[in-house]
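[1] Need coordinates for the following:
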Amino acid sequence: MKKTLIQTSLLTVLGAAVMLPVNVQAFGLDSITSKVTGSDSGVQESGATVDVDTLVNQQKDLMGRFSASMNNMLLAQAKTLEATGYKDEADRATAAAQSYSSGNVISDDAVKRDTELTSKNQALIESSLANSGDLSAEARSTLLSAVPHYAVGMYEGTKLPDAFKDWTDLAQGGVSSLSSNPMKARKLTGGLSEVTDVVVNLPALLSAWTGTSRSFMAYARNNQIDVSDIQDKLGDL
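    Next up, the predicted model:
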């Protein structure tokens, strides 16, 4: 199982920079998968029973929250890129955002690709904002339209690591019920793959989202662009 360990700096609304060890095994996904598929019958069954239907519904909610964050942050980046003259890059970010607008998480390859795109966007945005001169009225308006996307994307995005950890803890704690009702428990199998895809890529995404937001907020403050909506939700960056 692929392992990653990425240091992610979150917004000051979380109080401080946080180390995010994202290890699929640490999230308990290996254990849960083995109980659902019956591939590890030697694992001791322990823990409280859990309603599989509730787990499935919570899993769908997590995927929807991730998709909403991804959609909003890609749109925020797209509008920032457009305002600073990078139309082609903005179009690519907008197209990627549309994949998540339905609330459905797509394939692992797509999540990985869009994670890399988000990181590239971050580097370009940081550079372009640092070297931007006076903006036209149209560019200022475009930047302003990015504000709600930054606010929604980061407000939800910073909660995702704990949300995914809570879900996997609950599923791991209920392995006895998963193994006692294998037909029903198999409903989790496909979703576990999606959870794994997100968990592996989430640290890099949060790092890029946070870096982009910091650059945007600093630039906006220096250019008298109203970002009070972001500040109300996230505090000072």
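
[2] Would you agree His149 is in contact with Met73?
    Yes - using C-beta atoms under 8 Å, His149 is in contact with Met73, at 7.0 Å. Any C-beta I mention is one placed from the backbone N, CA and C, and that applies to glycine too.

[3] who has more neighbours, the two?
    Legend: neighbour count by other C-beta atoms under 10 Å for His149 and Met73, higher for Met73 (29 against 21).

[4] What separation do you get for Ala208 and Arg214?
    As judged by C-beta to C-beta, to the nearest Å, Ala208 and Arg214 stand 11 Å apart.

[5] more neighbours, the two?
    Ala208 (23 against 16).

[6] And that one, which helix or strand is it part of?
    helix 189-222 (DSSP states H and E).

[7] In that helix, which residues are buried?
    Using 16 or more other C-beta atoms under 10 Å as the burial criterion, the residues of helix 189-222 that qualify are 191-192, 194-217, 219-220.

[8] just stretch 60-67 next, same as before
    In stretch 60-67, counting by 16+ other C-beta under 10 Å, buried: 62-63, 65-67.

[9] Stretch 80-97 now?
    Those would be 80-84, 86, 89-90, 92-94, 96-97, for stretch 80-97 by 16+ other C-beta under 10 Å.

[10] Please save the CA atoms from that stretch in PDB.
    C-alpha atoms of stretch 80-97 as PDB (Å, rounded to 0.1, in the frame of the first residue of the first chain):
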ATOM      1  CA  THR A  80      -6.900  34.400  -9.900                       C
ATOM      2  CA  LEU A  81      -5.000  33.100 -12.900                       C
ATOM      3  CA  GLU A  82      -7.400  34.900 -15.300                       C
ATOM      4  CA  ALA A  83      -7.100  38.100 -13.400                       C
ATOM      5  CA  THR A  84      -3.300  38.000 -13.800                       C
ATOM      6  CA  GLY A  85      -3.400  37.200 -17.500                       C
ATOM      7  CA  TYR A  86      -3.000  33.400 -17.600                       C
ATOM      8  CA  LYS A  87      -6.100  32.600 -19.600                       C
ATOM      9  CA  ASP A  88      -5.100  29.200 -20.800                       C
ATOM     10  CA  GLU A  89      -4.100  28.000 -17.300                       C
ATOM     11  CA  ALA A  90      -7.400  29.500 -16.000                       C
ATOM     12  CA  ASP A  91      -9.400  27.600 -18.600                       C
ATOM     13  CA  ARG A  92      -7.600  24.300 -17.600                       C
ATOM     14  CA  ALA A  93      -8.400  24.900 -13.900                       C
ATOM     15  CA  THR A  94     -12.000  25.700 -14.700                       C
ATOM     16  CA  ALA A  95     -12.400  22.500 -16.800                       C
ATOM     17  CA  ALA A  96     -10.900  20.500 -14.000                       C
ATOM     18  CA  ALA A  97     -13.300  22.100 -11.500                       C
END
